[in-house]
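Trainee: Have a look at this fold, sequence not included:
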């Protein structure tokens, strides 16, 4: 398997991306093609002491870098020479099996849609992060790719998320919930009521009805379906509350000698908990609905997170879920 | 000041409500009028050993109880004889200065709108909980009263929230933020873009632009404006993530002798932190925009939380902000 990686996407590119790719090649049995400025990549590899590993990577030369500040559509306009655009075109042209980038999420969604192109019948690609919950994970779809949604899109997000959680994350018969302000089917706005009806009638998913915000961290469902506006607010709030609370606990555990002593005693267990709550640890989020696997690596990813993300990209690619999605969506279209 | 209290609203009514009212009378210098079945209230007061305090409360007799499962509109229909409806009518008729209930939020919003009635020019009343953040609080408006919103409503939520945080919570020149998926003014859906323009042009508030989910727990603003659908998802997610994380930390701190020992050492500090993060502690949320103060006590409130809620109800009533709201909204209407 060859994964094409955006060498100049993310806060710590290209160094940490290169390191993560080198680790992935060694540990995950994947080949890497790096999109980026060859001279700069070479210089970075030399500096990091990984020229041997770098020599095994193919380089797909690019001349521009698409930044976090660039408009999403720039990937097909003024930044069509960027590492992200070059990587996406290489994927579309069959020069690799998947594409992963820690760069601008919006541009990646636009690129997945317009360069890699959607699976026939898929109305919108979805950015679908996997978040921690008590004793496991759940997928939030859509996490921000589509601020305006129609009910059929929410149905498709549920279908795609269900397939991903089953085939890639290994959750049998995943429970799909519709994010809503109450449990009864008539709750919420028009979008929610229509989506509830569509999800209820879909034989291909295990719909468990509406799910409220307070149940998500408590194993309320495996796939939480919502529009991209609400999803993005929730995603970032989730991250913010967890981090703020961990900060405050850190404040408690480092104030005064007695507390510091106590902190030392629970250090390992607290560290494990922090790791579980930190969604950066999981590496990123699949962008589903395109004809080939596209994966968003977390923007602040360092080498080990890049490697984790590439493991998920590999699993996503091997799972064959794109055929399942095409089948499920096609059935809906014809049925 | 006389606060009318719904004697049969909330998970622990009437007992904990009665106890909280008795404490409020003694500690806060307020008079209490209780809406409810007189015989049942008397029996409960006797059982709790507070007949002396109860004898100082007026009782507004009612024959029904409006439950959490009842439809919001039932407060003016089949449950118009409920303690909530009786209390709201008493407020509208001038038999008290404010009304507080731990009952069905949706019904309370409908009652505030149709029985107490809106301030002239106010498009929708808002349910506006105050949530903890690093080193303080922020208001989330709307928290679930209005799942469908227009841009002018969001502007009014910002105006009302700003006045409340300044006059009731004592925050000078509060910062108003618009919940959105990015910081730039063009971000989000049509509702957000229009609301951004209106908030930017409003001279009566200190608008700090868009605010993302991850900044809310980190002192991003004092008033976070959003539609009631997103707001309700965020409110409950906020609560859920904080509680789930505290549960997990409790799990760490009670597993094994060493950790238990450490827990004992940080017990008081962790308890203070838990108290700060627990939004039940604040007692509840104002419902703003009605002609008189209506306050939602947290549904699971016990006596001390009821008392805290009645303190906020008192402060809300004394603040005179309803005149400020009428003035600000009226100026908008005419300007």
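Mentor: Thanks, I have the structure now. All figures in this text were calculated on a predicted structure; none of them were measured in a lab.

Trainee: hang on, residue A:8 packs against residue A:82?
Mentor: Yes. In this structure, residue A:8 is within contact of residue A:82 by C-beta atoms under 8 Å, at 7.5 Å. The way it works is simple: take the backbone N, C-alpha and C, and place the C-beta from them, glycine included.

Trainee: Distance check, the closest residue to residue A:9 other than its chain neighbours against residue A:284.
Mentor: Leaving out its chain neighbours, the residue that sits closest to residue A:9 by C-beta to C-beta, 6 or more residues apart in numbering or on different chains is residue A:103, at 2.7 Å. With distances defined as C-beta to C-beta, to the nearest Å, the gap from residue A:103 to residue A:284 amounts to 11 Å.

Trainee: Kindly report the same for residue A:53.
Mentor: The gap separating residue A:53 from residue A:284 is 22 Å, by C-beta to C-beta.

Trainee: And the nearest residue to residue A:101 once chain neighbours are set aside, its phi and psi?
Mentor: By the measure of C-beta to C-beta, 6+ apart, the closest residue to residue A:101 outside its immediate chain neighbours is residue A:6, 3.4 Å from it. Residue A:6 adopts backbone torsions of phi -70, psi 110, taken as degrees, to the nearest 10.

Trainee: What of residue A:308?
Mentor: Backbone phi and psi, for residue A:308 under degrees, to the nearest 10, turn out to be phi -60, psi -40.

Trainee: I'd say it and residue A:275 touch.
Mentor: No. Judged on C-beta under 8 Å, residue A:308 makes no contact with residue A:275 at a distance of 11.5 Å.

Trainee: Which residue of residue A:53 and residue A:284 possesses the greater neighbour count?
Mentor: Between residue A:53 and residue A:284, residue A:284 has the larger neighbour count (other C-beta atoms under 10 Å in any protein chain shown), namely 28 against 19.

Trainee: Quick check: beta-bridge partners of that one?
Mentor: Counting by DSSP bridges, residue A:284 forms beta bridges with residue A:297.

Trainee: rewinding a little: any idea how far the residue nearest to residue A:101 is from residue A:33?
Mentor: For residue A:6, the distance to residue A:33 - C-beta to C-beta - is 11 Å.

Trainee: which residues are in contact with both of the two?
Mentor: When C-beta atoms under 8 Å, 6 or more residues apart in numbering or on different chains defines a contact, the residues bordering residue A:6 and residue A:33 alike are residue A:87.

Trainee: When these two are compared, which one has more neighbours?
Mentor: With other C-beta under 10 Å as the criterion, residue A:6 and residue A:33 differ in neighbour count, and residue A:6 comes out ahead with 31 against 21.

Trainee: just to revisit the earlier point, test my guess that the residue nearest to residue A:101 contacts residue A:100.
Mentor: Yes. At 7.0 Å, residue A:6 counts as touching residue A:100 under the criterion of C-beta under 8 Å.

Trainee: Where does pLDDT dip in the stretch 201-335 of chain A?
Mentor: Applying pLDDT under 70 to the stretch 201-335 of chain A flags the ranges A:277-282, A:332-335.

Trainee: so where's the longest helix in chain A?
Mentor: Secondary structure of chain A read by DSSP state H shows that its longest helix is helix A:228-253.

Trainee: Could I get the buried residue list for that helix?
Mentor: Along helix A:228-253, the positions that meet the burial threshold by neighbour count (16 or more other C-beta atoms under 10 Å in any protein chain shown) are A:228-246, A:248-249, A:252-253.

Trainee: centroid residue for chain A?
Mentor: Centroid check for chain A by C-alpha atoms, centre = their mean gives residue A:285 as the closest residue, at 0.7 Å.
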